[in-house]
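# Take a look and give me a structure for this.
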Amino acid sequence: MCATLIGGMDRLKQDYLRTAKKAGVDLKIFTGQENTIAAQLGKSERIIIFTNKISHRAKNEAMHVAKTRNIPVHMLHSCGVSTLRRCLYGSM
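Predicted coordinates:
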């Protein structure tokens, strides 16, 4: 499974990747600072958005892409590794 994480903290990037790998998920991470997220989403099967660490513009762009491609979106306020873990294991 391929998922995209938008938001989060740069310093936790390796922890996010490690957690996703343990769950059997190939994870792409965008911190929300990128200009064009839509072009880089590729063939994600799920989008996870950490809403407390992302701009409104990036969130809106991700939501628009998810809606047009019929990709499920998980919006979470916290950006911790345990939040990602619960999302990955809870929605499989």
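# tell me what the helix ranked longest in the chain is packed against?
Selection of the longest helix in the chain by residue count, based on DSSP state H, yields helix 56-69. With contacts taken as 3 or more CB pairs under 8 Å, 6 or more residues apart in numbering; DSSP states H and E, helix 56-69 sits against strand 2-6, strand 46-50, strand 73-76. (C-beta placed from N, C-alpha, C; glycine too.)
# which intervals of this protein have sub-threshold pLDDT?
Applying pLDDT under 70 to the chain flags the ranges 32-35, 91-92.
# Show the contacting residues for residue 46.
Listed by CB atoms under 8 Å, 6 or more residues apart in numbering, the contact set of residue 46 reads 1, 2, 3, 4, 71, 72, 73, 74, 91.
# contact partners of the longest helix of the chain?
4, 6-7, 30, 32-34, 36-38, 41, 47, 49, 51, 71-73.
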